[in-house]
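Student: Fold the following, please.
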Amino acid sequence: MPRLPRAPRQAFLPALAPTVLALTLVLSACSGGDDGGPDAAGTPASPDAVASATGTASPPASSPTADDGDDGEPSRTARPERTLVPLPPQPLLGRPARTHLLDATRMPTVADDLPWTSAARGDGSEPVGACQKASLFDIGAVRTTERRFTTADGSATAVQVLGKFADRSSAYRAAEVLMAWRADCAERLPRPSAKVGDAVDVPVRTGFGTVYAATYGARSADGPRATALGVVRKGSWVSVVEVATDERRWPAGRNPARQAVRRIAATFRAS
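Tutor: So this is what the prediction gives:
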């Protein structure tokens, strides 16, 4: 019997290709693959995987805050714990306030034969001088202290108040307020002898100093009350000093308050 002629082998390949392809897809679906797992096709890649594939760094996850806990308790952050070294306690004032208060031997007197016989400490809560409307504490000082002086016969008195302010700007404004009160002081003092002198700058080696004089009160054998008030400002400090006596006893040719301003300012040299 004669043999049939063989068909070329290439003729079977187009017919076989769809069958092989369908079989491959079925086997892949059943096995799930080795790379992505059963959900690989439907699950987005993680940021780290994307960063690894693209060569870019993914942004760090934000640290949890104190309100992130589910039960309301603060959550600890992922940051490593640090050991803080406690700082030594800082004093409110750089130097003791008393170093800027004159004592009885340093406060200038109105006369050599009238020394200051007593010095009383106070809290500085009262206004100082004939023109001051309020205390240093009332105009912004965070701390005040004072020292008051008197003579044995009570004819002369002196007082120094020291105030510590929050900063230099606050101290500057307070000193400006003190000097502004001088402008209308004569109108507020008892008549008929009320008189307020001009403010005069006092040369000091550190800080700023000013002084002015005033007289007021009823006339008497010793004349009206004569006073001089000085203001010292250094950094965040302000000090007010007043020396007062009867007009007849006021020393000629010198101003005790002006001397006090210079001595108070000298206490700030080492500050």
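
Student: buried set for stretch 152-161?
Tutor: Along stretch 152-161, the positions that meet the burial threshold by neighbour count (16 or more other CB atoms under 10 Å) are 155-161. Using the backbone N, CA and C atoms, a C-beta is placed for each residue, glycine as well.

Student: Backbone dihedrals for Cys185, please?
Tutor: When quoted as degrees, to the nearest 10, the phi and psi of Cys185 stand at phi -60, psi -40.

Student: Using the three-state scheme, assign Arg233.
Tutor: Reducing the assignment at Arg233 to three states with DSSP: H, G, I helix; E, B strand; the rest coil gives strand.

Student: What count of nearby residues applies to it?
Tutor: Counted with other CB atoms under 10 Å, the burial measure for Arg233 works out to 24 neighbours.

Student: Need the pLDDT of it.
Tutor: pLDDT for Arg233: 97.

Student: I'd guessed it sits against Arg173; true?
Tutor: No. Under the contact definition of CB atoms under 8 Å, Arg233 does not touch Arg173, with a separation of 10.4 Å.

Student: which stretch of helix or strand covers Glu146?
Tutor: Element membership of Glu146 [criterion: DSSP states H and E] is strand 143-151.

Student: just Ala180 next, same as before
Tutor: Under the assignment here (DSSP H and E), Ala180 is part of helix 168-183.

Student: buried stuff in that helix?
Tutor: 170-172, 174-175, 177-178, 181-182.

Student: for stretch 183-190, same thing?
Tutor: 185-186, 189.

Student: Quick check: which helices or strands does the helix holding Ala180 pack against?
Tutor: If contacts are counted by 3 or more CB pairs under 8 Å, 6 or more residues apart in numbering; DSSP states H and E, helix 168-183 sits against strand 208-216, strand 225-234, strand 237-246.

Student: Include distance to Ala120 when you put these into a markdown table, please.
Tutor: Written out in a markdown table, the entries for the helices and strands packed on helix 168-183 read as follows (distance: least, CB to CB, whole Å):
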| stretch | distance to Ala120 |
| --- | --- |
| strand 208-216 | 23 |
| strand 225-234 | 19 |
| strand 237-246 | 15 |
